[in-house]
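# Fold the following and give me the result.
(2 chains)
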2 protein chains.
Amino acid sequence: MSDEQAQAPHAHRAGGRAAKRAARTARAATSMPYITRRIGCYEVLDEEGLATIERNADTILAEIGIDYREDPEALALWKAAGADIDGERVRCPPGMCRSIVMASAPREFIQHARNPARSVPIGGTHTVFAPSYGSPFVRSLDDGRRYATIEDFRNFVKLAYVAPSLHHSGGTICEPVDLPVNKRHFDMVYSHMKYSDKPFMGSVTHPERAQDSVEMAKILFGDGYVDPATGKPKTVIINLINANSPMTYDATMLGAAKVYARANQATIITPFILAGAMSPVTVAGTAAQTLAEALSGMAFVQLVNPGAPVVLGSFASSISMQSGAPTFGTPEPALVLFVMAALARRLNVPFRSGGALCGSKIADAQAAYESANTLLPTCLGGVNFVLHTAGWLEGGLSMGYEKFVMDADQAGMMHTLLAGVDLSENGQAMDALREVGPGKHFLGCAHTQANFETAFYRSPLADNNSVEQWEAEGSKDMIVRANALWKKQLASYEAPPLDPAVDEALVDYMNRRKASFADSKY
Amino acid sequence: MSDEQAQAPHAHRAGGRAAKRAARTARAATSMPYITRRIGCYEVLDEEGLATIERNADTILAEIGIDYREDPEALALWKAAGADIDGERVRCPPGMCRSIVMASAPREFIQHARNPARSVPIGGTHTVFAPSYGSPFVRSLDDGRRYATIEDFRNFVKLAYVAPSLHHSGGTICEPVDLPVNKRHFDMVYSHMKYSDKPFMGSVTHPERAQDSVEMAKILFGDGYVDPATGKPKTVIINLINANSPMTYDATMLGAAKVYARANQATIITPFILAGAMSPVTVAGTAAQTLAEALSGMAFVQLVNPGAPVVLGSFASSISMQSGAPTFGTPEPALVLFVMAALARRLNVPFRSGGALCGSKIADAQAAYESANTLLPTCLGGVNFVLHTAGWLEGGLSMGYEKFVMDADQAGMMHTLLAGVDLSENGQAMDALREVGPGKHFLGCAHTQANFETAFYRSPLADNNSVEQWEAEGSKDMIVRANALWKKQLASYEAPPLDPAVDEALVDYMNRRKASFADSKY
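Predicted structure coming up:
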């Protein structure tokens, strides 16, 4: 009898094969490499409403146009495809971008991990959770807020690796500002490769850094990099390409997108929008602009390399109209998310949005309300790739240690929610109802005994004890419990095995490249 | 120019009629007497799945049966209706309860408030938010946790009255344990009548107390109590009748239900279930049992008085299988809620469930995650009457002052969410997109200026300032800001006018009744 059983006062020796099978299922469920949803996607607009947004996106692409800045090659590609080019402005006739995307962009693709059991399908009915991305600061209960370092970066890679609810190692989990700007991508990509065997993201801050990410992936995957069936590289990196909203792509992002597209690596084309500043103050206006920008970017990737995996991204929040500050977890972005998810499904492309976003500086109730108000729509709306699932604080400026494990717990709950309702005979539980009957309790009945280990999601952080017990244990706020949890997880972390020869080759590549050019702050 | 405009650095003098109209709309929206949803209800089961649950509920009603304890009149009513009576056990052939309910229970009804502008429709596409119900304790940042008093009760009535997002004054907001158990209902009902003009709930802890609630309502509504069109009393009280799950109704609840049904007052028939203890550990089993119990209770009300308003209630949470403690805000109850909401729609009766439930002792991140994970499914699932919208802590044992205003803020956001996407020309905002174009910002454009006052939900509690400003203001956690807000709201509270003659008659009724029997602890 395990400790866990010993703690269950009512559900005594569950015993029997059924209980053991249930326990095995529970353990398997907590280490699922990704989610396949068994409940539908929530929609807020009908066919006519969605068609209106699509028509408006087409109008934006045809009449207003998208700027492709400082990239003559991009303009040439667009011109060859039949777009109207006016300086750096690209205008496409209605339907053109959609046709290009639908002709060659895959509906769903696999991002391979170095551990094949961790590979993830992106698109369809699947959901993949990845950590937050891009914070220059970290925050912990011990140190408060400070600049992030490569040690923090490694810590978060390790925490994501041990989190059963996170399927992906992410990308720039935080900015290691203690390393030179033009060389930190080596250490970030290497950390993902070394300290985790989950899939990860590459660098997008310069085309050369994107190329370094590809070269390191080639070393990591070795003979497995090229798919023998197609002769093409397997998709082993996914990358975040942001539009410079409104209606602009810049040379840096275009350059990185081209590198990845040509290597058959995946790009998430994301208009990053704070509505009211980078888009109109309305949901319908923001959605039309997001669709126009994403369609243009995805079509561009298909022009570069038809068939290269692309994901339609939407990052839309709003700003406080009093102060101009960005806000998160408010209702309007949830509506944008529901609309964009439906539009992505109509385009037959995977969709990225949401996460556990918040404006709060600390992991307090504000952070939790806002994060839940983002993550739940993310899951009900049908997002396929969820960046920012764990750790996000302060509008993305800060990555929180406590927030990370708190959000990961929430992501665990989403596995149960998305699994839907078990309508098997065991799920219907009519035997239990017949056995117990009116006025009795179900705690000791055979059905409860057979299912108690897997019955309900178990949070490692929620405190459901009596107030007396909670007080006796120090009246701890959730953030205090989270502080203990991430430290425990880091202390017990064990790295996944990595072939020493591969490790050496990766280090060798980094060292040679780092030595070949001077440090820089840009 | 108002202070608010002065604080908006980018959206200068909005000016013009459009801006003024928008401002008026915003003010109107914040004092809506109820919500009419403009987005669909989320469903997790298809037709076949829902039919399976309905079939299982019928099996429970026909084969297992429901106990009606210590109420011979109830058994006689059931016998006359054709049920099989075995001791106190009532068994109904498949479909019988459903037929009784569908034959006479109203699909939607109005609960009248003494201020007609506050009357609420219950059912259909409407959502009504009411405060939490039933806590013996209160908690505030100042005093910690202590037993509730009638002063706390009045405070929460006042806070609910001033909250634009709460449409209803609720019932036993907290237990005034400083008053005798058998007389506190007078002061509770009177407080709702005196300190608020929103609709409210009556006492259910004894049939006589239910009758007192009805008598006081007759005094309050005076000539308006009887509807001249029908000659029947208007529905002016709604009341919470809990099943004693599993599959049992007790004489107290049945007695109160009969009083209210005969007076044409509304009853919410709610199986109160902690799954794993009072129902099977599965979602489908809990839903079937909930439906069976609710069907039986609603049919009973229709047998007492055909056409009396009833609401299908579902309160389902789960327990920790380790400790037996109740848990809240977990994924399984959200699934039960989605299923039960769909089943209520198929029965054509209003639905009550959800709220802002949590297991946390304090208004920390745990409380907020759990509350949001309950309130958002409540709203997306299509709940009509939402008890426990604001204040709930510690599994309902404690009512929180800070939690109350935090939850009320969240309920405000739900108004925006449920309003859905504005697809008017202004909502589509194509003029804004044309005016601004690539690479510019929308802060000063005409569309933003015309809409900025109403553009986004404004939280009175969220802090979206920079970390520097937040630190300069004292690094306040949301709970600290909430503490200041409820105190400010109580300090500026002004009672709605009440005819002094009516007030006097109410006090006189209470005093006479209180003097007519001894205090008691039961």
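# Could you list the buried residues of the longest helix seen in chain A?
Criterion DSSP state H: the longest helix present in chain A is helix A:283-304. For helix A:283-304, the buried set under the neighbour-count rule, 16 or more other CB atoms under 10 Å in any protein chain shown, comprises A:283-304. All C-beta atoms are positioned from the backbone trio N, CA, C, and that covers glycine.
# and whichever helix or strand comes after it, C-alpha only, in PDB?
Using DSSP states H and E, the helix or strand that follows helix A:283-304 in sequence is strand A:310-319. Output of strand A:310-319 as PDB, limited to C-alpha atoms (Å, rounded to 0.1, in the frame of the first residue of the first chain):
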ATOM      1  CA  VAL A 310       3.100  27.400 -41.100                       C
ATOM      2  CA  VAL A 311       0.900  28.200 -38.100                       C
ATOM      3  CA  LEU A 312      -1.600  31.000 -38.000                       C
ATOM      4  CA  GLY A 313      -0.800  33.000 -34.900                       C
ATOM      5  CA  SER A 314      -2.900  35.500 -33.100                       C
ATOM      6  CA  PHE A 315      -1.700  37.500 -30.100                       C
ATOM      7  CA  ALA A 316      -4.300  40.100 -29.400                       C
ATOM      8  CA  SER A 317      -4.700  42.000 -26.200                       C
ATOM      9  CA  SER A 318      -6.000  45.500 -25.500                       C
ATOM     10  CA  ILE A 319      -4.700  48.600 -23.800                       C
END
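# Spell out whether strand A:310-319 and chain B are in contact.
Yes: for strand A:310-319 and chain B, the contact criterion (CB under 8 Å from any CB of the partner chain) is met by A:318-319.
# So which bits of that strand are buried?
Of all the residues in strand A:310-319, those buried under the rule 16+ other CB under 10 Å are A:310-319.
# Closest one of those to chain B?
Lowest distance from chain B to those (CB to the nearest CB) belongs to A:Ser318, with 4.6 Å.
# distance of that closest one from A:Asp84?
Distance from A:Ser318 to A:Asp84, counting by CB to CB, to the nearest Å: 33 Å.
# How about A:Arg209?
Distance from A:Arg209 to A:Asp84, by CB to CB: 33 Å.
# now swap in A:Pro233 and tell me
34 Å.
# So between these two, which is more surrounded?
Using other CB atoms under 10 Å in any protein chain shown as the criterion, A:Pro233 and A:Asp84 rank with A:Pro233 on top: 19 against 13.
# Let me see the contact set for the closest residue to the more buried one other than its chain neighbours.
Distances taken as CB to CB, 6 or more residues apart in numbering or on different chains place A:Asn264 nearest to A:Pro233, at 4.5 Å, with adjacent residues excluded. By CB atoms under 8 Å, 6 or more residues apart in numbering or on different chains, the contact set of A:Asn264 is A:232-235, A:305, A:307-309.
# can we see that at 7 Å?
A:232-233, A:235, A:305, A:308 (CB atoms under 7 Å, 6 or more residues apart in numbering or on different chains).
# And for A:Asp431?
A:Asp431 neighbours (CB under 7 Å, 6+ apart): A:His447.
# For it, pull up the helix or strand it's in.
For A:Asp431, the host element (DSSP H and E) is helix A:430-436.
# What of A:Arg352?
Element membership for A:Arg352 (DSSP H and E) is strand A:351-353.
# Please compute how far that strand lies from its chain's middle.
8 Å (CA atoms, centre = their mean, to the nearest Å).
# Look at A:Thr270 and tell me its secondary structure.
On the three-state scheme (DSSP: H, G, I helix; E, B strand; the rest coil), A:Thr270 is labelled strand.
# What is the burial count for it?
A:Thr270: 25 surrounding residues under other CB under 10 Å.
# Run through the residues of the stretch 401-522 of chain A sitting next to chain B.
Contact residues (CB under 7 Å from any CB of the partner chain) of the stretch 401-522 of chain A with chain B: A:406, A:410, A:413, A:416-417, A:420-423, A:427-430, A:432-434, A:436-443, A:447-448, A:451-452, A:455-457, A:462-465, A:467, A:470, A:477-479.
# Stretch A:429-445: end-to-end distance?
Taking CA to CA, to the nearest Å, stretch A:429-445 runs 11 Å from one end to the other.
# contacts with chain B among the buried residues of helix A:283-304, please.
Among the buried residues of helix A:283-304, the residues within reach of chain B (CB under 7 Å from any CB) are A:283-285, A:288-289.
# Tabulate these (CSV), appending pLDDT.
Supplementary listing: these in CSV, determined by pLDDT from 0 to 100:
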residue, pLDDT
A:Val283, 98
A:Ala284, 98
A:Gly285, 98
A:Ala288, 98
A:Gln289, 98
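# Would you mind writing the CA trace of whatever helix or strand A:Tyr369 lives in as CSV?
Secondary structure assignment for A:Tyr369, by DSSP H and E: helix A:365-381. The C-alpha trace of helix A:365-381 is given here as CSV (Å, rounded to 0.1, in the frame of the first residue of the first chain):
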residue,chain,number,x,y,z
ALA,A,365,-5.3,36.9,-7.5
GLN,A,366,-5.1,39.4,-10.4
ALA,A,367,-2.6,37.2,-12.2
ALA,A,368,-4.6,34.1,-11.6
TYR,A,369,-8.0,35.5,-12.7
GLU,A,370,-6.4,37.0,-15.8
SER,A,371,-4.4,33.8,-16.6
ALA,A,372,-7.4,31.6,-16.2
ASN,A,373,-9.5,34.0,-18.3
THR,A,374,-7.0,33.5,-21.1
LEU,A,375,-6.1,29.7,-20.7
LEU,A,376,-9.7,28.5,-20.6
PRO,A,377,-10.8,30.3,-23.8
THR,A,378,-7.5,29.0,-25.3
CYS,A,379,-8.5,25.5,-24.6
LEU,A,380,-12.2,25.8,-25.3
GLY,A,381,-11.6,27.8,-28.5
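# after that helix, next one along is what?
That would be, after helix A:365-381 and using DSSP H and E, strand A:385-386.
# After that following strand, which helix or strand is next?
Next along from strand A:385-386, by DSSP H and E: strand A:392-393.
# Can you read off the pLDDT for A:Thr454?
pLDDT, A:Thr454: 85.
# same question, the one 3 residues further on
Reported pLDDT at A:Tyr457 in the predicted model: 92.
# Which residue is the nearest non-sequential neighbour of it?
Excluding the flanking residues, the one nearest A:Tyr457 by CB to CB, 6+ apart is A:Thr416, at 4.4 Å.
# show me the contacts for A:Ala342.
With CB under 7 Å, 6+ apart, A:Ala342 has these contacts: A:43, A:45, A:50.
# got the residues you listed as a markdown table, with neighbour count columns?
A markdown table is the format used below for these (neighbours: other CB atoms under 10 Å in any protein chain shown):
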| residue | neighbour count |
| --- | --- |
| A:Glu43 | 20 |
| A:Leu45 | 23 |
| A:Leu50 | 19 |
